[in-house]
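**Student:** All I have is the shape, not the residue letters:
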Ligand code: G6P
Ligand code: MN
(Lines give C-alpha, C1' and ligand atoms only; values in the text may rest on other atoms or scores of the structure.)
(Ligands and ions follow the chains in the order given, each with its own letter.)
Protein backbone atom coordinates (compact mmCIF):
# COMPACT_ATOMS: atom_id res chain seq x y z
CA UNK A 1 0.00 0.00 0.00
CA UNK A 2 1.48 3.28 -1.11
CA UNK A 3 0.69 6.53 0.69
CA UNK A 4 1.74 9.85 -0.79
CA UNK A 5 1.88 12.84 1.54
CA UNK A 6 1.65 16.24 -0.14
CA UNK A 7 3.20 18.83 2.13
CA UNK A 8 5.57 16.01 3.07
CA UNK A 9 8.09 18.42 4.56
CA UNK A 10 5.38 19.73 6.90
CA UNK A 11 5.74 19.79 10.63
CA UNK A 12 2.95 17.35 11.42
CA UNK A 13 4.11 14.56 9.09
CA UNK A 14 5.88 12.70 11.96
CA UNK A 15 2.49 12.38 13.69
CA UNK A 16 1.17 10.53 10.66
CA UNK A 17 4.26 8.37 10.37
CA UNK A 18 4.07 7.56 14.09
CA UNK A 19 0.49 6.36 13.59
CA UNK A 20 1.59 4.21 10.63
CA UNK A 21 4.35 2.66 12.75
CA UNK A 22 1.73 1.58 15.26
CA UNK A 23 -0.28 -0.21 12.58
CA UNK A 24 0.84 -3.83 12.28
CA UNK A 25 -2.22 -5.14 10.44
CA UNK A 26 -2.43 -6.94 7.12
CA UNK A 27 -2.77 -4.46 4.22
CA UNK A 28 -1.04 -1.64 6.06
CA UNK A 29 0.96 1.11 4.38
CA UNK A 30 4.36 -0.17 3.34
CA UNK A 31 5.55 2.74 1.26
CA UNK A 32 5.42 6.46 2.10
CA UNK A 33 6.27 9.08 -0.51
CA UNK A 34 6.80 12.59 0.81
CA UNK A 35 6.27 15.39 -1.66
CA UNK A 36 7.14 19.01 -0.96
CA UNK A 37 8.25 22.03 -2.95
CA UNK A 38 11.07 22.58 -0.48
CA UNK A 39 13.86 19.99 -0.46
CA UNK A 40 15.31 21.36 2.78
CA UNK A 41 12.06 20.76 4.64
CA UNK A 42 11.83 17.27 3.13
CA UNK A 43 15.25 16.35 4.40
CA UNK A 44 14.48 17.74 7.89
CA UNK A 45 11.30 15.69 8.17
CA UNK A 46 12.96 12.62 6.68
CA UNK A 47 15.49 12.77 9.50
CA UNK A 48 12.74 12.83 12.13
CA UNK A 49 11.00 9.86 10.47
CA UNK A 50 14.26 7.91 10.32
CA UNK A 51 14.73 8.34 14.08
CA UNK A 52 11.12 7.26 14.66
CA UNK A 53 11.62 4.19 12.47
CA UNK A 54 14.89 3.23 14.14
CA UNK A 55 12.86 1.86 17.05
CA UNK A 56 10.73 -0.44 14.90
CA UNK A 57 10.96 -3.42 12.60
CA UNK A 58 9.39 -3.87 9.20
CA UNK A 59 8.67 -0.15 9.03
CA UNK A 60 7.13 1.68 6.05
CA UNK A 61 9.82 2.70 3.59
CA UNK A 62 10.12 6.47 3.13
CA UNK A 63 11.17 8.30 -0.02
CA UNK A 64 11.02 12.00 -0.80
CA UNK A 65 10.60 13.95 -4.01
CA UNK A 66 9.90 17.46 -5.25
CA UNK A 67 8.22 16.08 -8.40
CA UNK A 68 4.46 16.09 -7.86
CA UNK A 69 3.50 13.78 -10.73
CA UNK A 70 6.10 11.23 -9.72
CA UNK A 71 4.78 11.36 -6.15
CA UNK A 72 1.20 10.75 -7.27
CA UNK A 73 1.72 7.93 -9.74
CA UNK A 74 0.65 4.59 -8.29
CA UNK A 75 -0.57 6.05 -4.99
CA UNK A 76 -3.34 4.18 -3.17
CA UNK A 77 -3.89 7.08 -0.78
CA UNK A 78 -2.92 10.71 -1.07
CA UNK A 79 -2.83 12.85 2.06
CA UNK A 80 -2.95 16.49 1.16
CA UNK A 81 -1.55 18.68 3.92
CA UNK A 82 -0.13 21.65 2.09
CA UNK A 83 0.20 25.26 3.18
CA UNK A 84 0.19 27.60 0.21
CA UNK A 85 2.27 30.67 1.11
CA UNK A 86 3.71 28.94 4.17
CA UNK A 87 3.40 30.22 7.72
CA UNK A 88 4.55 33.63 6.53
CA UNK A 89 1.36 33.65 4.47
CA UNK A 90 -0.67 32.69 7.55
CA UNK A 91 0.90 35.53 9.54
CA UNK A 92 0.06 37.94 6.71
CA UNK A 93 -3.53 36.65 6.63
CA UNK A 94 -3.80 37.61 10.28
CA UNK A 95 -1.97 40.93 10.07
CA UNK A 96 -3.94 42.36 7.12
CA UNK A 97 -7.29 41.44 8.70
CA UNK A 98 -6.42 42.70 12.18
CA UNK A 99 -5.32 46.02 10.68
CA UNK A 100 -8.90 46.36 9.39
CA UNK A 101 -10.33 45.43 12.78
CA UNK A 102 -11.55 42.00 11.68
CA UNK A 103 -10.49 38.45 12.49
CA UNK A 104 -7.57 36.96 10.60
CA UNK A 105 -7.72 33.35 11.80
CA UNK A 106 -6.42 30.72 9.33
CA UNK A 107 -9.85 29.14 8.77
CA UNK A 108 -12.44 31.58 10.12
CA UNK A 109 -13.46 35.00 8.78
CA UNK A 110 -11.29 37.16 6.57
CA UNK A 111 -8.12 35.15 7.19
CA UNK A 112 -9.84 31.94 6.15
CA UNK A 113 -11.10 33.56 2.95
CA UNK A 114 -7.65 34.86 2.05
CA UNK A 115 -6.12 31.46 2.76
CA UNK A 116 -8.88 29.78 0.76
CA UNK A 117 -8.41 32.11 -2.21
CA UNK A 118 -4.78 31.18 -2.58
CA UNK A 119 -5.18 27.50 -1.74
CA UNK A 120 -8.13 26.57 -3.95
CA UNK A 121 -6.31 26.96 -7.32
CA UNK A 122 -3.44 24.79 -6.05
CA UNK A 123 -5.82 22.17 -4.60
CA UNK A 124 -7.75 22.05 -7.87
CA UNK A 125 -4.54 21.50 -9.81
CA UNK A 126 -3.65 18.63 -7.46
CA UNK A 127 -7.15 17.13 -7.82
CA UNK A 128 -6.89 17.21 -11.61
CA UNK A 129 -3.50 15.53 -11.51
CA UNK A 130 -4.76 12.83 -9.15
CA UNK A 131 -7.73 12.20 -11.44
CA UNK A 132 -5.30 11.76 -14.32
CA UNK A 133 -2.34 9.98 -12.72
CA UNK A 134 -3.86 8.03 -9.84
CA UNK A 135 -7.57 7.72 -10.63
CA UNK A 136 -8.08 4.91 -8.12
CA UNK A 137 -6.46 6.77 -5.24
CA UNK A 138 -8.42 8.10 -2.29
CA UNK A 139 -7.51 11.63 -1.31
CA UNK A 140 -7.64 12.56 2.35
CA UNK A 141 -7.58 16.30 2.67
CA UNK A 142 -6.14 17.89 5.81
CA UNK A 143 -5.38 21.19 4.09
CA UNK A 144 -7.18 24.09 5.71
CA UNK A 145 -9.67 25.63 5.33
CA UNK A 146 -10.53 21.94 5.14
CA UNK A 147 -14.24 22.09 4.24
CA UNK A 148 -13.77 24.60 1.46
CA UNK A 149 -10.67 22.91 0.05
CA UNK A 150 -12.39 19.50 0.12
CA UNK A 151 -15.35 20.94 -1.77
CA UNK A 152 -13.03 22.45 -4.39
CA UNK A 153 -11.35 19.07 -4.88
CA UNK A 154 -14.65 17.16 -4.87
CA UNK A 155 -15.65 18.97 -8.07
CA UNK A 156 -12.89 16.94 -9.77
CA UNK A 157 -12.69 13.83 -7.61
CA UNK A 158 -16.27 13.35 -6.46
CA UNK A 159 -16.52 11.25 -3.32
CA UNK A 160 -12.92 10.04 -3.64
CA UNK A 161 -11.79 13.07 -1.66
CA UNK A 162 -12.66 13.16 2.02
CA UNK A 163 -11.77 16.01 4.36
CA UNK A 164 -10.66 15.46 7.92
CA UNK A 165 -10.32 17.48 11.09
CA UNK A 166 -9.58 16.41 14.63
CA UNK A 167 -11.63 19.02 16.45
CA UNK A 168 -15.01 17.20 16.41
CA UNK A 169 -13.44 13.98 17.75
CA UNK A 170 -11.60 15.95 20.43
CA UNK A 171 -14.86 17.62 21.41
CA UNK A 172 -16.74 14.31 21.54
CA UNK A 173 -13.95 12.77 23.58
CA UNK A 174 -14.04 15.61 26.13
CA UNK A 175 -17.82 15.43 26.52
CA UNK A 176 -17.75 11.65 26.93
CA UNK A 177 -14.98 11.98 29.51
CA UNK A 178 -16.85 14.47 31.71
CA UNK A 179 -19.91 12.26 31.49
CA UNK A 180 -17.83 9.33 32.70
CA UNK A 181 -18.40 7.41 29.46
CA UNK A 182 -16.07 5.57 27.12
CA UNK A 183 -15.77 7.71 23.96
CA UNK A 184 -15.69 4.51 21.89
CA UNK A 185 -19.16 3.62 23.10
CA UNK A 186 -20.69 7.03 22.49
CA UNK A 187 -22.68 8.14 19.46
CA UNK A 188 -21.91 11.80 18.88
CA UNK A 189 -24.67 13.76 17.24
CA UNK A 190 -22.55 16.43 15.57
CA UNK A 191 -23.14 18.36 12.35
CA UNK A 192 -22.22 21.59 10.56
CA UNK A 193 -19.36 22.76 8.39
CA UNK A 194 -15.69 22.28 9.22
CA UNK A 195 -14.84 24.40 12.29
CA UNK A 196 -18.53 25.39 12.41
CA UNK A 197 -20.44 22.53 13.97
CA UNK A 198 -22.36 21.68 17.12
CA UNK A 199 -22.74 18.60 19.32
CA UNK A 200 -26.47 18.33 19.92
CA UNK A 201 -26.45 15.01 21.72
CA UNK A 202 -24.19 12.27 23.01
CA UNK A 203 -25.85 8.90 23.15
CA UNK A 204 -24.71 6.07 25.37
CA UNK A 205 -26.58 2.78 25.41
CA UNK A 206 -29.34 4.43 23.43
CA UNK A 207 -29.83 7.33 25.83
CA UNK A 208 -28.91 10.96 25.19
CA UNK A 209 -26.64 12.00 28.05
CA UNK A 210 -26.06 15.59 26.89
CA UNK A 211 -29.09 16.98 28.81
CA UNK A 212 -27.47 15.65 32.00
CA UNK A 213 -24.31 17.62 31.20
CA UNK A 214 -26.20 20.79 30.24
CA UNK A 215 -28.16 20.66 33.48
CA UNK A 216 -25.05 20.45 35.66
CA UNK A 217 -23.08 23.74 35.76
CA UNK A 218 -20.17 22.17 37.64
CA UNK A 219 -19.72 19.42 35.10
CA UNK A 220 -20.31 21.82 32.24
CA UNK A 221 -17.69 24.24 33.48
CA UNK A 222 -15.11 21.51 33.97
CA UNK A 223 -13.89 21.05 30.39
CA UNK A 224 -12.44 23.13 27.57
CA UNK A 225 -15.65 24.22 25.80
CA UNK A 226 -17.41 24.95 29.11
CA UNK A 227 -14.56 27.23 30.11
CA UNK A 228 -14.28 28.82 26.69
CA UNK A 229 -17.97 29.59 26.10
CA UNK A 230 -19.22 29.80 29.69
CA UNK A 231 -21.88 27.51 31.13
CA UNK A 232 -24.73 30.02 30.71
CA UNK A 233 -24.15 30.33 27.00
CA UNK A 234 -23.95 26.57 26.50
CA UNK A 235 -27.21 26.18 28.39
CA UNK A 236 -28.81 28.86 26.21
CA UNK A 237 -27.63 27.11 23.07
CA UNK A 238 -28.63 23.67 24.33
CA UNK A 239 -25.63 22.31 22.42
CA UNK A 240 -21.84 22.29 22.64
CA UNK A 241 -20.24 24.24 19.80
CA UNK A 242 -16.95 23.42 18.13
CA UNK A 243 -14.23 25.52 19.74
CA UNK A 244 -13.85 27.54 16.53
CA UNK A 245 -17.31 29.04 17.17
CA UNK A 246 -15.61 31.07 19.89
CA UNK A 247 -14.49 33.32 17.04
CA UNK A 248 -18.16 33.99 16.21
CA UNK A 249 -19.79 34.11 19.61
CA UNK A 250 -17.00 36.20 21.17
CA UNK A 251 -15.71 37.89 18.05
CA UNK A 252 -14.87 41.31 19.50
CA UNK A 253 -12.96 39.79 22.37
CA UNK A 254 -11.07 37.45 20.06
CA UNK A 255 -10.17 40.25 17.64
CA UNK A 256 -9.00 42.50 20.47
CA UNK A 257 -6.93 39.72 22.05
CA UNK A 258 -5.30 38.93 18.71
CA UNK A 259 -4.59 42.62 18.11
CA UNK A 260 -2.95 42.93 21.49
CA UNK A 261 -1.00 39.68 21.37
CA UNK A 262 2.74 40.01 21.15
CA UNK A 263 2.62 37.70 18.14
CA UNK A 264 -0.32 36.30 16.26
CA UNK A 265 -0.63 32.51 16.07
CA UNK A 266 0.75 32.41 12.53
CA UNK A 267 3.71 34.62 13.42
CA UNK A 268 4.45 32.50 16.48
CA UNK A 269 4.37 29.27 14.47
CA UNK A 270 6.37 30.83 11.63
CA UNK A 271 9.20 31.73 14.00
CA UNK A 272 8.94 28.53 16.00
CA UNK A 273 9.11 26.32 12.92
CA UNK A 274 11.81 28.39 11.24
CA UNK A 275 13.89 27.65 14.32
CA UNK A 276 13.10 23.92 14.14
CA UNK A 277 13.99 23.61 10.43
CA UNK A 278 17.16 25.61 11.07
CA UNK A 279 18.12 23.27 13.92
CA UNK A 280 17.68 20.33 11.53
CA UNK A 281 20.47 21.62 9.32
CA UNK A 282 23.09 20.73 11.91
CA UNK A 283 24.54 17.29 11.08
CA UNK A 284 24.42 16.14 14.71
CA UNK A 285 20.88 17.42 15.43
CA UNK A 286 18.68 15.24 17.63
CA UNK A 287 15.85 15.37 15.13
CA UNK A 288 13.08 13.54 16.97
CA UNK A 289 13.73 15.22 20.32
CA UNK A 290 13.78 18.70 18.72
CA UNK A 291 10.59 17.94 16.82
CA UNK A 292 8.82 16.65 19.91
CA UNK A 293 9.79 19.67 21.98
CA UNK A 294 8.53 22.01 19.27
CA UNK A 295 5.29 20.03 18.93
CA UNK A 296 4.60 20.11 22.68
CA UNK A 297 5.07 23.88 22.76
CA UNK A 298 2.75 24.28 19.77
CA UNK A 299 0.02 22.21 21.37
CA UNK A 300 0.26 23.94 24.74
CA UNK A 301 -0.26 27.36 23.14
CA UNK A 302 -3.14 26.37 20.82
CA UNK A 303 -5.96 28.98 20.98
CA UNK A 304 -4.15 30.64 23.89
CA UNK A 305 -5.67 34.08 23.21
CA UNK A 306 -9.21 32.70 23.14
CA UNK A 307 -8.65 30.86 26.38
CA UNK A 308 -7.17 33.98 27.91
CA UNK A 309 -10.16 36.21 27.04
CA UNK A 310 -12.45 33.57 28.53
CA UNK A 311 -10.28 33.08 31.62
CA UNK A 312 -10.14 29.40 30.68
CA UNK A 313 -6.59 28.76 31.92
CA UNK A 314 -4.23 26.12 30.58
CA UNK A 315 -5.23 23.20 28.37
CA UNK A 316 -5.92 19.84 30.03
CA UNK A 317 -3.06 17.35 29.55
CA UNK A 318 -5.49 14.94 27.87
CA UNK A 319 -6.42 17.58 25.28
CA UNK A 320 -2.87 18.21 24.16
CA UNK A 321 -2.68 15.62 21.43
CA UNK A 322 -5.35 16.38 18.88
CA UNK A 323 -5.46 12.97 17.29
CA UNK A 324 -5.52 14.23 13.71
CA UNK A 325 -3.27 11.38 12.62
CA UNK A 326 -5.59 8.89 14.34
CA UNK A 327 -8.56 10.11 12.30
CA UNK A 328 -6.48 9.83 9.13
CA UNK A 329 -5.31 6.31 9.91
CA UNK A 330 -8.77 5.11 10.98
CA UNK A 331 -10.22 6.45 7.73
CA UNK A 332 -7.55 4.84 5.60
CA UNK A 333 -7.93 1.48 7.36
CA UNK A 334 -11.71 1.54 6.99
CA UNK A 335 -11.39 2.10 3.26
CA UNK A 336 -8.40 -0.12 2.52
CA UNK A 337 -9.45 -3.08 4.66
CA UNK A 338 -13.19 -2.59 4.81
CA UNK A 339 -12.96 -2.15 8.59
CA UNK A 340 -16.35 -0.54 8.98
CA UNK A 341 -16.41 2.36 11.37
CA UNK A 342 -18.03 5.73 12.07
CA UNK A 343 -16.02 8.93 11.80
CA UNK A 344 -16.93 12.61 11.64
CA UNK A 345 -15.72 13.68 8.20
CA UNK A 346 -16.05 16.35 5.55
CA UNK A 347 -18.07 14.92 2.69
CA UNK A 348 -20.69 16.01 0.17
CA UNK A 349 -24.03 16.72 1.81
CA UNK A 350 -26.29 14.69 -0.46
CA UNK A 351 -29.60 15.02 1.45
CA UNK A 352 -28.20 15.32 4.97
CA UNK A 353 -28.87 18.99 5.67
CA UNK A 354 -31.94 20.13 3.75
CA UNK A 355 -30.85 23.79 3.85
CA UNK A 356 -27.83 22.98 1.65
CA UNK A 357 -27.56 21.48 -1.82
CA UNK A 358 -26.25 17.97 -2.47
CA UNK A 359 -22.73 19.08 -3.48
CA UNK A 360 -22.02 21.24 -0.45
CA UNK A 361 -19.27 19.70 1.67
CA UNK A 362 -20.38 19.43 5.29
CA UNK A 363 -18.90 17.89 8.46
CA UNK A 364 -21.01 15.01 9.71
CA UNK A 365 -20.73 11.49 11.15
CA UNK A 366 -20.19 9.02 8.33
CA UNK A 367 -20.22 5.28 8.02
CA UNK A 368 -16.95 4.35 6.37
CA UNK A 369 -16.15 1.17 4.51
CA UNK A 370 -14.38 0.06 1.34
CA UNK A 371 -16.88 2.12 -0.63
CA UNK A 372 -15.90 5.34 1.08
CA UNK A 373 -17.70 7.64 3.52
CA UNK A 374 -21.49 7.72 3.73
CA UNK A 375 -23.02 10.53 5.76
CA UNK A 376 -25.68 9.41 8.22
CA UNK A 377 -29.08 11.03 8.57
CA UNK A 378 -29.13 13.71 11.25
CA UNK A 379 -31.74 15.98 12.78
CA UNK A 380 -31.95 19.45 11.25
CA UNK A 381 -29.93 22.24 12.85
CA UNK A 382 -31.76 24.92 14.82
CA UNK A 383 -32.34 28.15 12.86
CA UNK A 384 -29.46 30.11 14.40
CA UNK A 385 -27.03 27.37 13.38
CA UNK A 386 -28.57 26.87 9.93
CA UNK A 387 -28.29 30.61 9.41
CA UNK A 388 -24.55 30.61 10.09
CA UNK A 389 -23.94 27.44 8.08
CA UNK A 390 -25.81 28.84 5.05
CA UNK A 391 -24.07 32.22 5.29
CA UNK A 392 -20.62 30.68 5.51
CA UNK A 393 -21.33 28.15 2.75
CA UNK A 394 -22.46 31.04 0.53
CA UNK A 395 -19.12 32.75 1.23
CA UNK A 396 -17.24 29.53 0.39
CA UNK A 397 -19.09 29.38 -2.91
CA UNK A 398 -17.98 32.93 -3.71
CA UNK A 399 -14.39 31.93 -2.93
CA UNK A 400 -14.70 28.97 -5.32
CA UNK A 401 -16.27 31.23 -7.96
CA UNK A 402 -13.51 33.85 -7.53
CA UNK A 403 -10.82 31.19 -7.91
CA UNK A 404 -12.47 29.82 -11.03
CA UNK A 405 -13.28 33.12 -12.72
CA UNK A 406 -10.19 34.92 -11.38
CA UNK A 407 -12.50 37.77 -10.51
CA UNK A 408 -11.42 40.36 -7.97
CA UNK A 409 -15.00 41.61 -7.67
CA UNK A 410 -16.11 38.12 -6.68
CA UNK A 411 -13.32 37.97 -4.11
CA UNK A 412 -14.61 41.27 -2.64
CA UNK A 413 -18.08 39.72 -2.55
CA UNK A 414 -16.75 36.71 -0.62
CA UNK A 415 -15.23 38.93 2.08
CA UNK A 416 -18.18 41.32 2.19
CA UNK A 417 -20.77 38.57 2.68
CA UNK A 418 -18.95 36.95 5.60
CA UNK A 419 -20.80 37.44 8.89
CA UNK A 420 -17.54 38.51 10.59
CA UNK A 421 -16.75 41.23 8.01
CA UNK A 422 -18.96 44.20 8.81
CA UNK A 423 -18.60 46.51 5.81
CA UNK A 424 -18.21 46.30 2.05
CA UNK A 425 -15.52 48.97 2.35
CA UNK A 426 -13.59 46.74 4.74
CA UNK A 427 -13.94 43.91 2.22
CA UNK A 428 -12.47 46.11 -0.51
CA UNK A 429 -9.55 47.10 1.69
CA UNK A 430 -8.99 43.46 2.60
CA UNK A 431 -8.68 42.50 -1.05
CA UNK A 432 -6.26 45.39 -1.58
CA UNK A 433 -4.24 44.42 1.47
CA UNK A 434 -4.14 40.73 0.65
CA UNK A 435 -3.30 41.10 -3.03
CA UNK A 436 -0.44 43.43 -2.03
CA UNK A 437 1.20 40.82 0.22
CA UNK A 438 0.29 37.48 -1.37
CA UNK A 439 1.87 36.53 -4.71
CA UNK A 440 -0.57 33.58 -4.65
CA UNK A 441 -3.39 36.05 -5.30
CA UNK A 442 -1.86 37.56 -8.42
CA UNK A 443 -4.42 35.67 -10.48
CA UNK A 444 -7.25 37.99 -9.37
CA UNK A 445 -8.17 40.49 -12.08
C1 LIG B 1 -6.89 21.98 15.28
C2 LIG B 1 -7.64 22.27 14.01
C3 LIG B 1 -6.74 22.12 12.81
C4 LIG B 1 -5.51 22.96 12.98
C5 LIG B 1 -4.81 22.55 14.27
C6 LIG B 1 -3.52 23.28 14.56
O7 LIG B 1 -6.59 20.64 15.38
O8 LIG B 1 -8.75 21.44 13.88
O9 LIG B 1 -7.47 22.46 11.66
O10 LIG B 1 -4.66 22.76 11.87
O11 LIG B 1 -5.68 22.72 15.32
O12 LIG B 1 -3.69 24.59 14.87
P13 LIG B 1 -2.39 25.51 14.99
O14 LIG B 1 -2.91 26.86 15.39
O15 LIG B 1 -1.48 24.89 15.99
O16 LIG B 1 -1.79 25.53 13.61
MN1 MN C 1 -9.37 21.40 11.75
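**Tutor:** Received, thanks. From a predicted model like this one, the values you see are computed outputs, not experimental measurements. Residues are numbered from 1 along each chain as shown. Ligands and ions are numbered 1, 2, ... in the order given.
**Student:** Going by C-alpha atoms from here, please, whenever you check contacts or count neighbours.
**Tutor:** Fine.
**Student:** what's around the residue in the chain that ligand 1 sits nearest to, how many residues?
**Tutor:** In the chain, no residue comes nearer to ligand 1 than residue 167, which is 4.6 Å away by CA to the nearest ligand atom. Residue 167 has 19 neighbouring residues, counting by other CA atoms under 10 Å.
**Student:** ok, now residue 239?
**Tutor:** 18.
**Student:** How about the one 5 residues further on?
**Tutor:** As a burial measure, the neighbour count of residue 244 was computed by other CA under 10 Å and equals 18.
**Student:** Could you look up the SS state of it?
**Tutor:** Three-state call for residue 244 (DSSP: H, G, I helix; E, B strand; the rest coil): helix.
**Student:** Wait, it touches residue 193, no?
**Tutor:** No. The criterion here is CA atoms under 8 Å, and residue 244 misses it with residue 193 at 10.9 Å.
**Student:** how about low-confidence regions in this protein?
**Tutor:** Along the chain, the parts satisfying pLDDT under 70 run over 322.
**Student:** at 80 instead, please
**Tutor:** 55, 320-322 (pLDDT under 80).
**Student:** Show me the strands in it, by range?
**Tutor:** Assigned by DSSP state E, the strands in the chain fall at 2-6, 31-35, 61-65, 77-80, 138-141, 161-163, 186-193, 196-204, 207-208, 240-241, 341-348, 361-369, 372-375.
**Student:** Show me which residues of the chain sit near ligand 1.
**Tutor:** Contact residues (CA under 6 Å from any ligand atom) of the chain with ligand 1: 165, 166, 167, 298, 302, 322.
**Student:** Among these, name the buried ones.
**Tutor:** 165, 166, 167, 298, 322 (16 or more other CA atoms under 10 Å).
**Student:** Quick check: the two most widely separated of those?
**Tutor:** Distance extremes for these: the farthest pair is 165 and 298 at 17.1 Å, using CA to CA.
**Student:** hang on, the earlier thing: format the strands of the chain as CSV; extra columns: distance to residue 223.
**Tutor:** Supplementary listing: those in CSV, determined by distance: least, CA to CA, whole Å:
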stretch, distance to residue 223
strand 2-6, 34
strand 31-35, 37
strand 61-65, 39
strand 77-80, 31
strand 138-141, 29
strand 161-163, 27
strand 186-193, 17
strand 196-204, 14
strand 207-208, 19
strand 240-241, 11
strand 341-348, 21
strand 361-369, 23
strand 372-375, 28
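**Student:** which of these is buried the deepest?
**Tutor:** Neighbour counts (mean count of other CA atoms under 10 Å) averaged over each of the strands of the chain peak at strand 161-163, with a mean of 29.
**Student:** Quick one: distance of that strand to the chain centre.
**Tutor:** On the basis of CA atoms, centre = their mean, to the nearest Å, strand 161-163 sits 11 Å off its chain's mean C-alpha point.
**Student:** In terms of secondary structure, what does that strand contact?
**Tutor:** For strand 161-163, the packing partners by 3 or more CA pairs under 8 Å, 6 or more residues apart in numbering; DSSP states H and E come out as strand 138-141, helix 146-157, strand 341-348.
**Student:** who wins for proximity to residue 254 among these?
**Tutor:** helix 146-157 (21.5 Å).
**Student:** how big is the angle separating that closest one from strand 361-369?
**Tutor:** Calculated by axes from the mean of the first three to the mean of the last three CA atoms, to 10 degrees, helix 146-157 forms an angle of 70 degrees with strand 361-369.
**Student:** Just the buried residues of helix 146-157, please?
**Tutor:** So, applying 16+ other CA under 10 Å, buried residues of helix 146-157: 146, 147, 148, 149, 150, 151, 152, 153, 154, 156, 157.
**Student:** Same question for stretch 14-32.
**Tutor:** Quick answer for stretch 14-32 (16+ other CA under 10 Å): 14, 15, 16, 17, 19, 20, 21, 28, 29, 31, 32.
**Student:** ok, now stretch 209-221?
**Tutor:** Using 16+ other CA under 10 Å as the test for burial, stretch 209-221 gives 209, 210, 213, 214, 217, 219, 220, 221.
**Student:** ok, now stretch 253-266?
**Tutor:** Residues 253, 254, 255, 256, 257, 258, 259, 264, 265, 266 are the ones in stretch 253-266 that count as buried (16+ other CA under 10 Å).
**Student:** Between those, which sits nearest residue 92?
**Tutor:** Once CA to CA is applied, the member of these that ends up nearest residue 92 is residue 266, at 8.1 Å.
**Student:** What about the nearest residue to that closest one once chain neighbours are set aside, how many residues nearby?
**Tutor:** Using CA to CA, 6 or more residues apart in numbering and skipping residues adjacent in sequence, the residue nearest residue 266 is residue 91, 4.3 Å away. Residues lying near residue 91 (other CA under 10 Å) number 23.
**Student:** just residue 86 next, same as before
**Tutor:** By other CA under 10 Å, neighbour count at residue 86 equals 12.
**Student:** what sits against the residue lying closest to residue 42 once chain neighbours are set aside?
**Tutor:** Using CA to CA, 6+ apart and skipping the chain neighbours, the partner closest in space to residue 42 is residue 9 (4.2 Å). Contact analysis of residue 9 by CA atoms under 8 Å, 6 or more residues apart in numbering lists 34, 35, 36, 38, 39, 40, 41, 42, 43, 44, 45, 46.
**Student:** show me what contacts the nearest residue to residue 335 once chain neighbours are set aside?
**Tutor:** Nearest in space to residue 335, with sequence neighbours left out and distances taken as CA to CA, 6+ apart, is residue 370 at 4.1 Å. Under the criterion of CA under 8 Å, 6+ apart, the contact list for residue 370 reads 334, 335, 336, 337, 338, 339, 340.
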